[in-house]
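Participant: got a structure for you, letters missing:
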């Protein structure tokens with residue numbers, strides 16, 4: 001019996017090549033896209049699971065509210081890491097990190113820029129138990145001026161020899177001895193470091209002030225410990241250690257309870273290691289994370305695209321019901337039961353599904369590299385895995401059943417008496433369910449298209465919004481500390497070139513990766529014992545050319561000037577800072593005070609600065625964040641990257657000129673640069689990738705839906721061949737016949753647009769709520785999406801309709 005089912009199934013596929021090809025092509029594309037998304041989702045869900053005891057490792061999140069600012073950050077004070085195991089028996093081990101960007105690593109005479117470098121405290125390997133390949137697992141980071149390196153770094157710097165005990169020089173002046181080599185960190189980890197520098201040699205790590213937050217802290221709890229209990233104990237610990245130091249900022253007599261009563265907040269909570277990649281986007285992340293919402297969205301898209309392909313099979317199977325009616329009638333008259341027919345039709349569906357899944361494998365292999373490029377991942381088919389083939393075969397079986405169950409019950413339900421009387425409905429006339437499925441297909445396509453348009457509109461808005469500075473045609477030269485006392489000379493040499501319009505030395509740049517420093521200030525004369533008088537503000541420094549080079553604007557007052565020596569004690573603030581300070585009168589000329597660093601010793605240690613001008617507000621974080629207060633002071637001995645504004649249209653010429661001067665003044669040192677607009681764009685890299693991925697998925701959805709529509713139109717035209725012939729004999733025009741065949745399908749596309757538009761608006765409105773500054777929804781987005789789908793659908797329909805309308809009526813009526 002089974003052999004007979006297969007024989008008939010193959011015979012039907014061969015007999016109806018066109019419809020079989022449409023089904024197989026659509027299903028293959030649907031399966032391929034679904035498989036790629038599945039690989040992506042599995043990859044995203046696997047982050048950090050390779051670490052031993054990953055479910056017992058947590059990171060501390062620091063939520064702070066003070067001076068009008070609220071922030072969720074990973075930065076914690078240096079003494080916290082030692083206090084955790086002392087205060088809480090639940091803590092098995094703790095480690096903290098200090099990430100200071102890239103370093104130049106020299107072995108012998110060659111300097112190599114390394115980005116994956118971090119300072120780590122001595123218990124790193126107790127929290128993250130990576131295999132130790134060389135060295136004593138106990139005490140690898142216990143001594144100052146030692147470091148552990150990854151296997152990859154060891155092979156890079158010490159090929160074909162042991163790295164243990166060897167020396168490396170960092171940034172030309174720090175000597176480190178390699179005390180261990182560890183296995184490379186898992187690829188699916190939220191951080192990747194090749195160099196772990198012992199924190200024992202970092203003076204900043206010895207800071208005992210609990211108000212200075214510069215370290216990311218992780219801990220491992222004991223197997224029987226509950227993280228909720230630990231979270232409940234943090235407030236009392238913070239009060240114990242922070243309250244005695246509040247006088248550093250607010251003066252003698254300041255206390256924790258009074259500070260909290262003003263609305264200020266410092267709250268620690270544990271963040272599970274396994275939640276970081278998909279559920280965290282905090283200040284201080286080592287690497288960009290993904291978003292669990294996008295994972296759910298991709299899962300939904302994968303299912304919808306697979307369902308779209310299955311709908312094609314359902315629609316064509318039920319639309320061609322009349323062609324199978326006689327077969328069903330004869331089988332039932334000959335004694336077949338309904339369940340025999342159901343098995344027969346399901347076998348055809350499963351066979352088609354297996355063929356589609358087989359074809360989908362090479363399609364995935366072709367599309368996967370493109371998806372990897374767009375998503376920034378390195379996905380591959382696990383062809384050497386048994387579970388992969390099990391899932392693949394199971395998926396083919398499930399998809400075959402999903403696509404075939406409705407047609408099987410529909411076709412097997414025909415009554416022989418009705419078939420003999422010719423009462424079997426055909427075409428679109430009896431296709432209520434079929435019409436609903438077509439509407440569903442195009443509604444999904446329209447939602448994806450509107451989502452794509454919205455994402456790209458938001459990105460366009462970001463790129464063209466007035467952000468308060470000019471990010472274009474600015475090149476930033478990095479690692480300038482190797483120039484030593486020639487830093488200013490290098491700047492002046494470059495400025496002497498006619499292609500350069502200006503230059504500034506500062507690491508405080510209004511783009512991702514710029515330096516950041518935050519402290520509380522208040523207007524002179526106001527009571528420092530009242531916490532509400534303080535404004536939490538970013539403290540930036542630069543040289544006299546900072547504002548001019550970055551194209552910022554002064555709203556009130558003036559810029560720094562070398563003509564006024566007293567400007568060294570002056571300050572520029574942005575507009576939001578001026579509002580937060582709530583000055584009495586014009587901000588220019590007023591004085592602001594910071595008590596950080598006074599140690600509560602009195603006003604003689606306060607830092608007082610005079611406001612020289614107010615800078616127009618500028619964005620220095622993602623547009624997901626509101627603009628925060630910033631102040632800028634003059635650094636008489638500036639250091640950090642140098643940014644140059646250039647006018648030449650030939651960017652390569654500018655790079656070559658700057659590099660030539662670099663090689664002249666810093667021979668043997670690697671030349672590293674970046675463009676300011678590229679660094680600005682990096683803040684939205686995930687959104688850019690998301691938009692491109694949406695566009696591709698929307699394209700596949702439209703293609704699959706149109707394949708089904710194409711086949712349905714062809715079948716409808718085939719069923720109405722004689723009607724078309726008669727109409728043409730009676731004088732009907734080609735246009736009239738095309739309109740006749742198209743109007744039913746066009747109505748379905750319009751219904752899909754009406755259903756999809758509010759749904760798409762709701763989904764994208766939720767997405768845009770992530771941004772403080774966003775594009776407004778306009779009817780144009782929906783009109784463009786609807787028009788595009790309508791045009792594509794009409795072209796699909798018209799091709800078959802024109803073909804049918806242009807046929808010779810003699811051919812269709814000669815047998816009558």
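Facilitator: Thanks, I have it. Keep in mind the model is a prediction, meaning the values are calculated, not measured. Residues are numbered from 1 along each chain as shown.
Participant: so how far does stretch 612-630 reach from one end to the other?
Facilitator: 14 Å (CA to CA, to the nearest Å).
Participant: buried stuff in that stretch?
Facilitator: 612-615, 617-623, 627-630 (16 or more other CB atoms under 10 Å). All C-beta atoms are positioned from the backbone trio N, CA, C, and that covers glycine.
Participant: please work out the average pLDDT along that stretch.
Facilitator: Regarding stretch 612-630, the rounded mean pLDDT is 91.
Participant: cool, and stretch 670-689?
Facilitator: What stretch 670-689 shows for mean pLDDT is 86.
Participant: how distant is that stretch from the center of its chain?
Facilitator: 14 Å (CA atoms, centre = their mean, to the nearest Å).
Participant: and for it, what are the contacting residues?
Facilitator: For stretch 670-689, the external contacting residues (CB atoms under 8 Å, 6 or more residues apart in numbering) are 102, 104, 111-113, 288, 290-291, 374-376, 455, 458-459, 462-463, 467, 471-472, 474-479, 509, 511-513, 621-622, 643, 655, 658-659, 662-663.
Participant: looking at these, which are in strands?
Facilitator: 104, 111, 112, 113, 474, 475, 476, 477, 643 (DSSP state E).
Participant: tell me the helix or strand right after the one helix or strand residue 359 maps to.
Facilitator: Applying DSSP states H and E as the criterion places residue 359 in helix 338-375. Using DSSP H and E, the helix or strand that follows helix 338-375 towards the C-terminus is helix 386-412.
Participant: show me what that next one is packed against.
Facilitator: When contacts are defined as 3 or more CB pairs under 8 Å, 6 or more residues apart in numbering; DSSP states H and E, helix 386-412 packs onto helix 17-45, helix 292-319, helix 321-333, helix 338-375.
Participant: show me the shaky parts of the stretch 501-650 of the chain.
Facilitator: Within the stretch 501-650 of the chain, the stretches with pLDDT under 70 are 595-605.
Participant: quick one: which of the buried residues of stretch 612-630 is nearest to residue 192?
Facilitator: Proximity of these to residue 192 (CB to CB) peaks at residue 622, which lies at 22.3 Å.
Participant: for the closest residue in space to residue 768 that isn't next to it in sequence, phi and psi?
Facilitator: Distance criterion CB to CB, 6 or more residues apart in numbering; nearest residue to residue 768, sequence neighbours excluded, is residue 774 at 4.6 Å. Backbone torsions of residue 774, given as degrees, to the nearest 10, read phi -150, psi 160.
Participant: picking that back up, where's the dip in pLDDT among the ones in strands among the contacts of stretch 670-689?
Facilitator: residue 111 (86).
Participant: residue boundaries of the strands in the stretch 601-750 of the chain?
Facilitator: Secondary structure of the stretch 601-750 of the chain (DSSP state E, counting those that start in this stretch): strands located at 607-615, 630-634, 642-646, 673-675.
Participant: sorry, back to before: thinking the residue nearest to residue 768 is in contact with residue 457, fair?
Facilitator: No - here residue 774 lies out of contact with residue 457, judged by CB atoms under 8 Å, at a distance of 9.4 Å.
Participant: poorly predicted segments of the stretch 251-400 of the chain, please.
Facilitator: For the stretch 251-400 of the chain, applying pLDDT under 70 flags the ranges 317-335.
Participant: next, the buried residues of the one helix or strand residue 751 maps to.
Facilitator: Using DSSP H and E, residue 751 maps to helix 734-768. Neighbour counts using 16+ other CB under 10 Å place 737-738, 740-742, 744-745, 748-753, 755-757, 760-761, 763-764, 767-768 of helix 734-768 among the buried residues.
Participant: now do it and helix 292-319, the angle between them.
Facilitator: Going by axes from the mean of the first three to the mean of the last three CA atoms, to 10 degrees, helix 734-768 is angled at 160 degrees with respect to helix 292-319.
Participant: so how far is helix 734-768 off the chain centroid?
Facilitator: 31 Å.
Participant: quick one: the helices in the stretch 651-800 of the chain, in order.
Facilitator: For the stretch 651-800 of the chain, the helices defined by DSSP state H, counting those that start in this stretch cover 651-665, 676-682, 685-719, 721-729, 734-768, 779-805.
Participant: just the ones you listed: most buried one?
Facilitator: Ranked by mean neighbour count, the helices of the stretch 651-800 of the chain are led by helix 685-719 with a mean of 21 (mean count of other CB atoms under 10 Å).
Participant: if we can go back for a sec, next, format the ones in strands among the contacts of stretch 670-689 as TSV and append neighbour count and distance to residue 302.
Facilitator: What follows is those, written out as TSV (neighbours: other CB atoms under 10 Å; distance: CB to CB, whole Å):
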residue	neighbour count	distance to residue 302
104	21	45
111	20	47
112	14	42
113	15	40
474	27	41
475	21	42
476	24	40
477	23	45
643	26	44
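Participant: ok, which pair from those residues is furthest apart?
Facilitator: Pairwise distances across these (CB to CB) peak at 26.4 Å, for the pair 112 and 474.
Participant: mind checking how far the most centrally placed residue in the chain is from residue 29?
Facilitator: Compute the mean C-alpha point of the chain, and by CA atoms, centre = their mean the closest residue is residue 686, 3.3 Å away. In this view, residue 686 and residue 29 are 26 Å apart by CB to CB, to the nearest Å.
Participant: equivalent analysis for residue 494, please.
Facilitator: For residue 494 relative to residue 29 (CB to CB), the value is 53 Å.
Participant: tell me which of those two has more neighbours.
Facilitator: residue 29 (24 against 21; other CB atoms under 10 Å).
Participant: what sits against that one?
Facilitator: Residues near residue 29 by CB under 8 Å, 6+ apart: 309, 360, 363, 700, 703, 704.
Participant: please repeat the previous calculation with a cut-off of 6 Å.
Facilitator: Counting by CB atoms under 6 Å, 6 or more residues apart in numbering, residue 29 touches 700, 704.
Participant: go on, residue 789?
Facilitator: Going by CB under 6 Å, 6+ apart, residue 789 touches residue 446.
Participant: next one: it, what pLDDT does it get?
Facilitator: You'll see residue 789 listed with a pLDDT of 85.
Participant: what of residue 165?
Facilitator: The model's pLDDT for residue 165 equals 95.
Participant: what helix or strand does it sit in?
Facilitator: Judged by DSSP H and E, residue 165 forms part of no helix or strand.
Participant: need the phi and psi values for it.
Facilitator: phi 80, psi -10.
Participant: how far away is it from residue 119?
Facilitator: According to CB to CB, residue 165 and residue 119 sit 21 Å apart.
Participant: more crowded one of those two?
Facilitator: Counted by other CB under 10 Å, residue 165 and residue 119 do not tie: residue 119 has more neighbours, with 22 against 10.
Participant: pLDDT score assigned to the nearest residue to the more buried one once chain neighbours are set aside?
Facilitator: Setting aside the residues directly before and after it, residue 119 is nearest to residue 98 in space (CB to CB, 6+ apart), at 4.0 Å. Listed pLDDT for residue 98 reads 94.
Participant: you'd agree residue 573 is in a helix?
Facilitator: No - according to DSSP: H, G, I helix; E, B strand; the rest coil, the state of residue 573 is strand, so it is not within a helix.
Participant: now for it: which residues touch it?
Facilitator: By CB under 6 Å, 6+ apart, the contact set of residue 573 is 611, 614, 631.
Participant: bridging residues for the second one?
Facilitator: Residue 614 has these beta-bridge partners by DSSP bridges: residue 556, residue 573.
Participant: does it really touch residue 554, like I thought?
Facilitator: No - counting by CB atoms under 6 Å, no contact exists between residue 614 and residue 554, whose distance comes to 7.0 Å.
Participant: for residue 571, which of the helices of the stretch 651-800 of the chain is the nearest?
Facilitator: Among the helices of the stretch 651-800 of the chain, helix 676-682 sits nearest to residue 571 (CB to CB), with 23.8 Å.
Participant: ok, back up a step: TSV please, covering the ones in strands among the contacts of stretch 670-689 and showing distance to residue 607.
Facilitator: Formatted as TSV, these follow (distance: CB to CB, whole Å):
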residue	distance to residue 607
104	33
111	37
112	40
113	35
474	31
475	34
476	29
477	31
643	27
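Participant: I'd like to know which of those is nearest to residue 82.
Facilitator: Of all the ones in strands among the contacts of stretch 670-689, residue 82 sits closest to residue 104, with 31.0 Å by CB to CB.
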